[in-house]
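Q: got a sequence here, can you build the structure:
(2 chains, ligands or ions: 2)
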Amino acid sequence: MMTFDAQLILNHLPDIASGFGITILCTLIACFIAMLLGLVVALGLMSKAKILRYPVRLYVEIIRGTPFLIQLFLLYYGGPSIGLYLEPIEAGIFALACNGSAYYAELFRAGFNAIPKGQLDAAKIIGLSRLQIIVRIQIPQMMVLIIPGLVNVSIILGKETAILSIVTVPELAFVLIGIGAETYAYAETLTVLAVSYLILAELTSRFGGWTEKRLSKYMERSI
Amino acid sequence: MNKQTQDSPIVEVQKMSKNFGTTQVLKNVDLKVQPSEVMCLIGPSGSGKSTLLRCIAFLEQYSSGNIYIEGEMLGYNDDTDIRKLTSTNELNHVRRNMGMVFQQFNLWPHMTALGNVTEALVRVKKLSRREADEKGHAILKKVGLAERALHYPAQLSGGQQQRVAIARSLAMEPSVMLFDEPTSALDPELVGEVLQVMKDLAKDGMTMIVVTHEMGFAAQVADTVVFLDQGEILMKGSPKEIFQGEKPPRLEQFLKNYMDRNAFWE
Ligand SMILES: Nc1ncnc2c1ncn2[C@@H]1O[C@H](COP(=O)(O)OP(=O)(O)OP(=O)(O)O)[C@@H](O)[C@H]1O
Ligand SMILES: [Mg+2]
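A: Ligands and ions are numbered 1, 2, ... in the order given. Here you go, the predicted structure:
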């Protein structure tokens, strides 16, 4: 029969908490950079200029077509050969951000396209600039439309942080797998690990739902 | 209301043609719209009315010919042999005095009525938020929506939304307003309130080009009615000439269809 040694977890609680903190930190920073990058990539994907559109499309296809682990290795182990020396956590966050940007970009692109063209005509004729139209008309509406998709990608990025343990980022998976290897308490450590990701995913999803509700007030018919 | 002024036209279209790919949808269109003139464009579906209006707004690039807004070439650099598009800045400069109202309203749904009206005041005219709000409230009042300033478009009826759209254009103090079937998406009982706002505008001397299926409005308000058929202007004249005078068979047929559709007893 399997026993669950709660005391073992409690003994390592400070380490585990610190790992959880780093996981959350990596997720938040990576998601943030990935969204900004994704927005730029999306604008590139929608550009009329082939010289812009084709390379950006290639970037997206490469990211989506290769495993995250390989992207991370390329950056961390391959980086130095082009003079890019990164700390494990820097490489990890940057790789995650690049990875996420491709997926966010596709969402943004779909969101941009979902806004009726007539609204943009109205904005053009009244004299708003390209940038003002993007920032004031398109992004606020597009964001609301794609929140469920953003939540999905963010949850996936949050879970991908586990891969960062391979390049020794002391995030949650690194800590718990380490404790497991030391104490042979695999059941305890892996359970805590799984539950932590579940909590992280649930929090992300709730935050998304809350934001969506707040931002989409304008769509309601009653005042 | 016929004006015989010799003012320079606000909008002048010269031998303008427009192709979509290989199909020509506007052929050699010539138009002059004088200050304070109300011009109604009528014609069958697909005859190119919207396209003509969108070319005058440069929401579509016209293929050949010229369009001048208050004497300035629209959209292209005239002086070069091979036509080049002007920059967005120049384009916005030439059409700075132009407003446009669409069949589908095209309000920005994430902004309140007031937000829609003040957006360009703040971003384009660079008014302060306070000045813009003040002006926005005044204009909403003018179109009868003082009470609705803080409502979102989804919380307004179609007629109210279209009046907000008109107010949004008016806020920029245009010298010419383009309307593309402004009442066609409205329930019949809401058409009147929008037409009334447009009549008031016409009375105040606004220059207007109106694509419409409302023949009553054209007959009452227009100085000039233009009949467009298959991309060509078949007839241009006063409402009296168009509705009561000699006319080409196509126009005869078009008006007859209209009467048949709207007759509800023999
Ligand atoms: N973006 C486009 N691409 C290709 N063809 C187009 C485009 N827009 C309009 N057309 C064609 O141009 C012609 C004129 O269309 P337009 O919308 O100007 O007609 P309209 O007179 O406004 O008709 P309606 O009364 O139905 O609004 C039509 O044959 C239409 O199919
Ligand atoms: Mg039309």
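Q: every contact and neighbour count from this point should use C-alpha atoms.
A: Fine.
Q: check the offset of the least confident helix or strand in chain A by mean pLDDT from the chain's centre.
A: Every helix and strand of chain A was ranked by mean pLDDT, DSSP states H and E. The lowest is helix A:6-11, at a mean of 87. Put simply, helix A:6-11 sits 31 Å off its chain's centre (Cα atoms, centre = their mean, to the nearest Å).
Q: contacts for it, please.
A: Helix A:6-11 has contacts (Cα atoms under 8 Å, 6 or more residues apart in numbering or on different chains) with A:188-189.
Q: what do you get for stretch B:151-165?
A: Outside of stretch B:151-165, the residues within contact range by Cα under 8 Å, 6+ apart are A:218-223, B:101, B:105-113, B:116-117, B:140, B:143, B:145, B:182, B:185-187, B:190-191, B:193-194, B:197.
Q: show me what from chain B comes close to ligand 1.
A: B:20, B:25, B:44-51 (Cα under 6 Å from any ligand atom).
Q: which intervals of chain A have sub-threshold pLDDT?
A: Chain A contains residues with pLDDT under 70 at A:1-2, A:222-223.
Q: max-length helix in it?
A: helix A:13-45 (DSSP state H).
Q: quick one: end-to-end length of stretch A:164-172, please.
A: In stretch A:164-172, first residue to last residue: 10 Å (Cα to Cα, to the nearest Å).
Q: got the residue ranges for the helices in the chain?
A: Looking at chain A here, since you left the chain open. So, for chain A - with DSSP H - the helices run A:6-11, A:13-45, A:50-65, A:68-76, A:88-113, A:117-125, A:130-132, A:139-160, A:172-183, A:186-215.
Q: my bad, the chain I had in mind was chain B
A: In chain B, the helices defined using DSSP H lie at B:49-56, B:88-94, B:113-123, B:129-142, B:158-170, B:188-203, B:215-221, B:239-244, B:249-262.
Q: same list, those, but as TSV with mean pLDDT and distance to residue B:38 please.
A: Below are the helices of chain B laid out as TSV (pLDDT from 0 to 100; distance: least, Cα to Cα, whole Å):
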stretch	mean pLDDT	distance to residue B:38
helix B:49-56	97	14
helix B:88-94	93	21
helix B:113-123	97	24
helix B:129-142	96	20
helix B:158-170	96	16
helix B:188-203	94	7
helix B:215-221	94	7
helix B:239-244	93	11
helix B:249-262	89	20
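Q: can you redo these as CSV with mean neighbour count and distance to residue A:105?
A: Listed next are the helices of chain B as CSV, based on neighbours: other Cα atoms under 10 Å in any protein chain shown; distance: least, Cα to Cα, whole Å:
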stretch, mean neighbour count, distance to residue A:105
helix B:49-56, 22, 31
helix B:88-94, 16, 26
helix B:113-123, 24, 27
helix B:129-142, 18, 33
helix B:158-170, 25, 32
helix B:188-203, 16, 41
helix B:215-221, 17, 48
helix B:239-244, 16, 54
helix B:249-262, 13, 49
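Q: let's have the helices of chain A in CSV, adding mean neighbour count.
A: Below are those laid out as CSV (neighbours: other Cα atoms under 10 Å in any protein chain shown):
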stretch, mean neighbour count
helix A:6-11, 12
helix A:13-45, 20
helix A:50-65, 15
helix A:68-76, 18
helix A:88-113, 23
helix A:117-125, 19
helix A:130-132, 13
helix A:139-160, 19
helix A:172-183, 19
helix A:186-215, 16
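Q: which stretch among the ones you listed approaches ligand 1 most closely?
A: Taking Cα to the nearest ligand atom, helix A:117-125 is the member of those nearest to ligand 1, at 11.5 Å.
Q: list of residues touching that closest one?
A: A:133, A:137, B:57, B:59, B:92, B:95, B:98-101, B:104, B:106-108.
Q: tell me the two of those that are most distant?
A: Farthest pair in these (Cα to Cα) is B:92 and B:104. Separation: 22.7 Å.
Q: how about the helices of chain A in CSV, adding distance to residue B:88?
A: Formatted as CSV, the helices of chain A follow (distance: least, Cα to Cα, whole Å):
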stretch, distance to residue B:88
helix A:6-11, 63
helix A:13-45, 18
helix A:50-65, 20
helix A:68-76, 40
helix A:88-113, 21
helix A:117-125, 10
helix A:130-132, 9
helix A:139-160, 21
helix A:172-183, 51
helix A:186-215, 31
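Q: out of the ones you listed, nearest to residue B:87?
A: Of all these, the one in closest proximity to residue B:87, counting by Cα to Cα, is helix A:130-132 (11.7 Å).
Q: against which helices or strands is that closest one packed?
A: Helices and strands touching helix A:130-132, by 3 or more Cα pairs under 8 Å, 6 or more residues apart in numbering or on different chains; DSSP states H and E: there are none.
Q: what sits closest to the residue of the stretch 51-200 of chain B found nearest ligand 1 if chain neighbours are left out?
A: Taking Cα to the nearest ligand atom as the measure, the stretch 51-200 of chain B has residue B:51 as its residue closest to ligand 1, at 3.7 Å. Closest residue in space to residue B:51, ignoring its immediate chain neighbours: residue B:60 at 7.3 Å, by Cα to Cα, 6 or more residues apart in numbering or on different chains.
Q: and the pLDDT for that neighbour?
A: Residue B:60 carries a pLDDT value of 96.
Q: now list the buried members of the contacts of stretch B:151-165.
A: A:218, B:101, B:105-113, B:116-117, B:140, B:143, B:145, B:182, B:185-186, B:190-191, B:193-194, B:197 (16 or more other Cα atoms under 10 Å in any protein chain shown).
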